[in-house]
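Trainee: The sequence isn't on hand, but the structure is:
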Ligand code: NAD
């Protein structure tokens, strides 16, 4: 039996590709396409809206019928509104939305006691490999190397720095006993003084239609290592989200990550 899927943010840049690729996948069945109150296309067929031909699923503001999994690429506020509903209906969640606050993470932690929730700021296989590589490299290099992270995204991105850049910094902090609160700076300006050895600088560039680039630089006084990831298409993330949806359907309640999917 196909896994039934609801898509939150179905008309967005990511959501629209999720709808398209879910419909191409024989193991999945789209049952609900969700958008915000007041969206101009509500009550129209999502397939017709996205130029895919009629799919028999209307754009709505609430989950229709029974969905096994909700795939969410929306906004932190929009996600927050869906959590209670998914808990009530027993719908597993795959969450790609970034810019989540501590309060959202707490709410998801609570929800994960009754439903499976998979949260990942980046669903691409390559970036999840980069998370492991930077952990390994930062441990191996030890002290004496400056670490900087540069991320570039399209001009429409609403949060900065990217969830991926933050996750990279978290992984380096865990691996090298740095502290996200005291050792990470977000850009620099003015008379900053010399760079403290443990500092990690994160820089957010916003450019045209760039889908998502991340570079992590490790440098001492004699050499430099650069680890680079570039997403060429949003479908890269969508394929990861679909893999995550298949993984999480039917799993026991709990908090999962892409590392669990790729293991
Ligand atoms: P977008 O603005 O194009 O799409 C968001 C959609 O959500 C819009 O269509 C909007 O109308 C809709 N929305 C707003 N309120 C809603 C509500 N209450 N209910 C349902 N839908 C609602 O943004 P995007 O570029 O598609 O990105 C969406 C999110 O996904 C961002 O947080 C982005 O950073 C993140 N993202 C994550 C990954 C990943 O791999 N995890 C990859 C790319 C983007």
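Mentor: Received the coordinates, thanks. What you see is a predicted model, and the numbers here were worked out from it, not measured in a lab. Numbering: from 1, shown residues only.
Trainee: Identify the residues contacting residue 46.
Mentor: 10, 11, 19, 30, 33, 52, 55, 57, 58, 59 (C-beta atoms under 8 Å, 6 or more residues apart in numbering). C-beta here means a position set from N, CA and C on the backbone, and glycine is covered the same way.
Trainee: which one of these is nearest residue 236?
Mentor: Distance to residue 236 across the contacts of residue 46 (C-beta to C-beta) is lowest for residue 19, with 16.5 Å.
Trainee: Wait, the closest one touches residue 32, no?
Mentor: No - using C-beta atoms under 8 Å, residue 19 is not in contact with residue 32; the gap is 10.4 Å.
Trainee: Tell me which residues touch the closest residue to the ligand within the chain, please.
Mentor: With C-beta to the nearest ligand atom, the shortest gap between the chain and the ligand falls at residue 12, namely 2.1 Å. For residue 12, the contact set (C-beta under 8 Å, 6+ apart) comprises 73, 74.
Trainee: Looking at it now. What's its pLDDT?
Mentor: If you check residue 12, the pLDDT there is 98.
Trainee: again with residue 65
Mentor: pLDDT recorded at residue 65 is 82.
Trainee: Between residue 19 and residue 32, tell me which one has more neighbours.
Mentor: residue 19 (27 against 23; other C-beta atoms under 10 Å).
Trainee: quick one: what helix or strand has the residue nearest to the spatial centre of the chain in it?
Mentor: Geometric centre of the chain, nearest residue: residue 121, 2.6 Å, by C-alpha atoms, centre = their mean. Per DSSP states H and E: residue 121 is located in neither a helix nor a strand.
Trainee: Now do the same contact list for it.
Mentor: 96, 98, 162, 163, 164, 166, 167.
Trainee: Select from those residues the one having the most neighbours.
Mentor: Neighbour counts for the contacts of residue 121 peak at residue 96, which has 27 neighbours (criterion: other C-beta under 10 Å).
Trainee: Let's verify the residue lying farthest from the centre of the chain: helix, strand, or coil?
Mentor: Taking C-alpha atoms, centre = their mean, the residue of the chain most remote from its mean C-alpha position is residue 222, at 35.4 Å. With DSSP: H, G, I helix; E, B strand; the rest coil as the basis, residue 222 sits in coil.
Trainee: Can you check the pLDDT for it?
Mentor: Note for residue 222: predicted pLDDT of 97.
Trainee: Would it be right to say that residue 29 lies in a strand?
Mentor: Yes - counting by three-state DSSP, residue 29 falls inside a strand.
Trainee: Can you verify my assumption that it contacts residue 19?
Mentor: No - counting by C-beta under 8 Å, residue 29 does not reach residue 19; the two are 11.9 Å apart.
Trainee: rewinding a little: list the contacts of the closest residue to the residue nearest to the centre of the chain other than its chain neighbours.
Mentor: Take residue 121 and drop its neighbours on the chain: the residue closest to it by C-beta to C-beta, 6 or more residues apart in numbering is residue 163, 2.7 Å away. Contact analysis of residue 163 by C-beta under 8 Å, 6+ apart lists 98, 99, 100, 121, 122.
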